[in-house]
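Asker: Return atomic coordinates for the entry below.
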Amino acid sequence: MIVAQPDDQARLVRQAIAAGKNVFVEKPLGPIHSFRLGFGCGSTTFCANEDDYLKLAAIHVVDLLR
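Answerer: Predicted structure coming up:
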């Protein structure tokens, strides 16, 4: 996982990839051209109805989409 200032991030990511490491970066490295988002969830005990589901589970996907 690389958490760094934007000026340092790309360099650190390239170094980690060159070293053969798996890399997770929390911020975009540059202009976003496209993305795909999927969400799957089975039945949950804490969601009594669709309103609860949206507020308690699916809201994370809405945050990512924003």
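Asker: Just give me how far the longest helix along the chain sits from the chain centre.
Answerer: The residue-count maximum for a helix in the chain (DSSP state H) belongs to helix 6-18. How far helix 6-18 lies from its chain's middle: 18 Å, per Cα atoms, centre = their mean, to the nearest Å.
Asker: Also stretch 19-28?
Answerer: 12 Å.
Asker: Just the mean pLDDT for the longest helix of the chain, thanks.
Answerer: Across helix 6-18, pLDDT averages out at 91.
Asker: average pLDDT for the helix or strand following that helix?
Answerer: Tracing the chain C-terminally past helix 6-18 and defining elements by DSSP states H and E, one meets helix 50-53 next. The pLDDT scores in helix 50-53 average 80.
Asker: so after helix 50-53, what's the next helix or strand?
Answerer: Helix 50-53 is succeeded, C-terminally, by helix 59-65 (DSSP H and E).
Asker: For the longest helix of the chain, buried residues please.
Answerer: 9, 13, 16 (16 or more other Cβ atoms under 10 Å). (Each C-beta comes from the backbone N, C-alpha and C, glycine too.)
Asker: Kindly report the same for stretch 33-53.
Answerer: Here stretch 33-53 shows 47, 53 as buried, counting by 16+ other Cβ under 10 Å.
Asker: hmm, who's touching that stretch?
Answerer: 56-58, 61, 64-65 (Cβ atoms under 8 Å, 6 or more residues apart in numbering).
Asker: any chance of those in TSV, plus pLDDT?
Answerer: What follows is these, written out as TSV (pLDDT from 0 to 100):
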residue	pLDDT
56	79
57	77
58	77
61	76
64	75
65	74
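Asker: Most widely separated two among these?
Answerer: Comparing every pair within these by Cβ to Cβ identifies 56 and 65 as the most remote, at 16.8 Å.
Asker: Between the two, which is the more surrounded one?
Answerer: Neighbour count, other Cβ atoms under 10 Å: between residue 56 and residue 65, residue 56 has more, with 13 against 9.
Asker: if we can go back for a sec, could you dump the contacts of stretch 33-53 to TSV with distance to residue 4?
Answerer: Converted to TSV, these look like this (distance: Cβ to Cβ, whole Å):
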residue	distance to residue 4
56	32
57	31
58	30
61	26
64	21
65	25
